[in-house]
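**Student:** structure of the sequence below:
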Amino acid sequence: MKLLKILLSAVLMACLLAGVLPAACAEDDARFAGKTWEEVVEDFNARLGIESRNAAYGYRNTVTGEEHFFNPDQYMVAASMYKVPLNMMVSERVYNGEISMDTLIGGLSYQKLQQGSIIHSDNDYARALWMYVGNGNYRSYRRAIAPLMGEDADTVDPQYYINNLFTPRQMIHCLTQLYDNAEHYPGVIDCMKLAEPNEYFRRSENRYEIAHKYGYWEDTSLHMNDCAIVYTDEPILIVCFTDGLHNAYQVLAEFCTLMCDYAQYELDHRKAAEGALDAALSEIALPDFRLQTEQPLPTPTPEPTPEPTAEPAEEPAEPQSGFSPLWFLLALAGGGVFLLCALGRHRLRVRRMRLLAGVLSVILAVGAGAMALISLSPAMRPTGGSMLPAMNLSDVVPFLGHPDPQEDVMAFFDALELQDYEKFYAMLDGYGSLGLEDRPEAGPGRMILGALRDSYSYRLEGESRVSGDLGEQDVSLRSLDLKAVEEALREETRNHLELLSTERTYRELCDENGFYLPQVTEEAVNAATGVVLGRIEDFYADHTLTLHLLYSDGWYVQGDEALVNAVLGA
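**Tutor:** Model (predicted):
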């Protein structure tokens, strides 16, 4: 099967292959299988008897950016969670060099105030800090930390300034700032890792390291909250507000575990999907194609020369073509004698030129010339062949040798550019076809093959070099790099599937057995092909080649590994 036909057929088959390979075959969990985050939380609330007005949640995956909320903009009493942005505001001044951890604030070092307000949730220490940030004014402190909450102090909802209220969206934004720029807030995360090791989010979840800041406040209602960075395989940020729940401890503990399990479930399924995608896309690069880049291309094998035998051949030897140098030299000699005689008579005014010498010179020149011409024709030779060795005219008179090969080289590459493959193959010694003329029926294979055929351009470099029947010509050839196209196609297909995973539910992507739906993979590969073809010139490669030429009634290009790989985009 032709090399390029196999290569391009694989691109077309990628869509189909991806559709039958497992996409997300990690062990299913009934809590998450086929459900969105919102559906998972809905089941959680129903199981624990949580009314919508009594809770608000936030979730963010720090690696993928996946973010979800339940009552995202509902202001809730934050209790001691406010101590996270408060300490971020002060510790950033340490990072900026404005103060140090030993700077006294309200008579105590900031390091002591930081540890006391976060680890032990000391309200007096926290008050000293917000007085310092707000210059003694609570509203000024709230204005100061507004950017950390993702808000503009002048346009934020007025509820923001009413007592100690935050929303899940604001707390997730705050944790994102803290996680993404931890070095800007020295000591904050370290203190959060030491806070309440056995309560709130850390009550029963001990599989992962957790940096959290809990909150507890009771007035006419019980407000119990927590926010945290949980170091799952892909760290997550979570926040849970509760208001008036009798089972608030249970809710906080189980919410943390549920979010950890959800994050791991999504990661496992995504890894399984990526593994299946890699397996499917690996079919784009066929073993036969890789083989050509790892091992020498096959070269034409000359016909074996028969071993000489002691017995003379019974049949007369096949007459050989060529030119006899002896007859040619004799013709030159005769012509020279005749010319000397003529010149001598004319210039030296020798009146009596021997008639015999002149006649003999003419006979010698004409006879030798005739024999030289006869020696050029195999049909006019004796059947036993010439007694003198046959030679090429160019061996005797170099300036009468083979024509410059550049014209044939240009015709060869012009045929490639014009997609005249009949002419191209006719001038390529050793290969009847490279598969360029094949046309996949439809899909990415057809489009990429078309891009390859449209990519060729060339430039001759310097003069050709000829020695007898052999020649060389340096050429710069530009063609499509199919290996680079393949990698880009894989990456873009993966990107598109990842995009689909954020826009569609698991059930819209996979069947009941965890396999990608064929239409999903087909959509992804087609979309990826469109993206790659839209910037196809990014994948052009320049090849510097030395063509090896052979003369036989015209110049032929020998198909070596470098030339064939350049034409096939290897």
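**Student:** Ala146 and Asp157 touch, don't they?
**Tutor:** No - under the criterion of CB atoms under 8 Å, Ala146 makes no contact with Asp157, lying 11.0 Å away. Placement of C-beta: from N, CA and C, glycine included.
**Student:** distance from stretch 402-415 to the middle of the chain?
**Tutor:** For stretch 402-415, the gap between its own C-alpha mean and the chain's C-alpha mean amounts to 36 Å (CA atoms, centre = their mean, to the nearest Å).
**Student:** again, but for stretch 250-270
**Tutor:** Remark: stretch 250-270 is offset 33 Å from the chain centroid, using CA atoms, centre = their mean.
**Student:** got the CA positions of it in CSV?
**Tutor:** The C-alpha trace of stretch 250-270 is given here as CSV (Å, rounded to 0.1, in the frame of the first residue of the first chain):
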residue,chain,number,x,y,z
GLN,A,250,-21.9,17.5,59.7
VAL,A,251,-22.7,19.7,56.7
LEU,A,252,-19.2,21.3,56.7
ALA,A,253,-17.4,18.0,57.1
GLU,A,254,-19.4,16.2,54.5
PHE,A,255,-19.2,19.1,52.0
CYS,A,256,-15.4,19.1,52.2
THR,A,257,-15.3,15.3,51.6
LEU,A,258,-17.8,15.6,48.8
MET,A,259,-15.8,18.3,47.0
CYS,A,260,-12.6,16.3,47.4
ASP,A,261,-14.2,13.2,45.9
TYR,A,262,-15.8,15.2,43.1
ALA,A,263,-12.4,16.7,42.2
GLN,A,264,-10.7,13.3,42.1
TYR,A,265,-13.6,11.8,40.2
GLU,A,266,-13.4,14.5,37.5
LEU,A,267,-9.6,14.2,37.4
ASP,A,268,-9.7,10.4,37.0
HIS,A,269,-12.3,10.6,34.2
ARG,A,270,-10.4,13.3,32.5
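**Student:** go through it and flag the buried ones.
**Tutor:** 251-270 (16 or more other CB atoms under 10 Å).
**Student:** give me the subset of those residues lying in helices.
**Tutor:** Here DSSP state H is the test, and the buried residues of stretch 250-270 give 251-270 as lying in helices.
**Student:** quick one, what contacts His402?
**Tutor:** Ser394, Val466, Asp469, Gly471, Tyr551, Trp555 (CB atoms under 8 Å, 6 or more residues apart in numbering).
**Student:** who wins for neighbours among the residues you listed?
**Tutor:** Trp555 (26 neighbours; other CB atoms under 10 Å).
**Student:** pLDDT-wise, which helix or strand of this protein ranks last?
**Tutor:** helix 287-294 (a mean of 33; mean pLDDT, DSSP states H and E).
**Student:** how about low-confidence regions in the stretch 351-500 of the chain?
**Tutor:** Applying pLDDT under 70 to the stretch 351-500 of the chain picks out residues 351-400, 440-442.
**Student:** can I get stretch 126-140 in CSV, CA atoms only?
**Tutor:** C-alpha atoms of stretch 126-140 as CSV (Å, rounded to 0.1, in the frame of the first residue of the first chain):
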residue,chain,number,x,y,z
ALA,A,126,-7.9,40.7,64.4
ARG,A,127,-9.4,44.0,65.6
ALA,A,128,-5.9,45.5,66.0
LEU,A,129,-5.2,44.5,62.4
TRP,A,130,-8.3,46.0,60.8
MET,A,131,-7.9,49.2,62.9
TYR,A,132,-4.4,49.4,61.4
VAL,A,133,-5.6,48.8,57.8
GLY,A,134,-8.6,51.1,58.1
ASN,A,135,-6.8,53.8,60.2
GLY,A,136,-9.3,53.2,63.0
ASN,A,137,-12.4,53.1,60.7
TYR,A,138,-14.2,49.8,59.9
ARG,A,139,-15.7,51.0,56.6
SER,A,140,-12.2,52.2,55.5
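**Student:** name the residues of it that are buried.
**Tutor:** Going by 16+ other CB under 10 Å, stretch 126-140 has these buried residues: Ala126, Ala128, Leu129, Trp130, Met131, Tyr132, Val133, Gly134.
**Student:** returning to that earlier point: which residue of Ala146 and Asp157 possesses the greater neighbour count?
**Tutor:** Ala146 (19 against 12).
**Student:** now that one. Nearest residue, chain neighbours left out?
**Tutor:** Leaving aside its sequence neighbours, Ala146 sits nearest to Ala153 (CB to CB, 6 or more residues apart in numbering; 4.1 Å).
**Student:** so how far is Tyr160 from the one you found?
**Tutor:** 9 Å (CB to CB, to the nearest Å).
**Student:** now list whatever residues contact both of those two.
**Tutor:** With CB under 8 Å, 6+ apart, Ala153 and Tyr160 have common neighbours Arg142, Ala146.
**Student:** how about the strands in this protein?
**Tutor:** Counting by DSSP state E, the chain has strands at residues 55-61, 67-70, 76-77, 104-105, 108-109, 165-166, 210-218, 222-230, 236-242, 428-429, 457-467, 470-480, 540-551, 555-558.
**Student:** Glu407 is nearest to which of those?
**Tutor:** strand 555-558 (8.4 Å; CB to CB).
**Student:** and which of the contacts of His402 is nearest to Gly534?
**Tutor:** Nearest member of these to Gly534, counting by CB to CB, is Trp555, at 39.5 Å.
**Student:** ok, Leu194 - how many residues close by?
**Tutor:** 12.
**Student:** just to check, it is in contact with Ile119?
**Tutor:** Yes - counting by CB under 8 Å, Leu194 does reach Ile119; the two are 4.9 Å apart.
**Student:** which stretches of the chain have low pLDDT?
**Tutor:** 1-28, 273-400, 440-442, 506, 512-515.
**Student:** residues in contact with Asp542?
**Tutor:** Ser476, Leu477, Arg478.
**Student:** one step back: dump the strands of the chain into JSON lines; add distance to Gln519 as well.
**Tutor:** Formatted as JSON lines, the strands of the chain follow (distance: least, CB to CB, whole Å):
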{"stretch": "strand 55-61", "distance to Gln519": "27"}
{"stretch": "strand 67-70", "distance to Gln519": "27"}
{"stretch": "strand 76-77", "distance to Gln519": "43"}
{"stretch": "strand 104-105", "distance to Gln519": "62"}
{"stretch": "strand 108-109", "distance to Gln519": "63"}
{"stretch": "strand 165-166", "distance to Gln519": "43"}
{"stretch": "strand 210-218", "distance to Gln519": "41"}
{"stretch": "strand 222-230", "distance to Gln519": "36"}
{"stretch": "strand 236-242", "distance to Gln519": "32"}
{"stretch": "strand 428-429", "distance to Gln519": "42"}
{"stretch": "strand 457-467", "distance to Gln519": "38"}
{"stretch": "strand 470-480", "distance to Gln519": "29"}
{"stretch": "strand 540-551", "distance to Gln519": "33"}
{"stretch": "strand 555-558", "distance to Gln519": "46"}
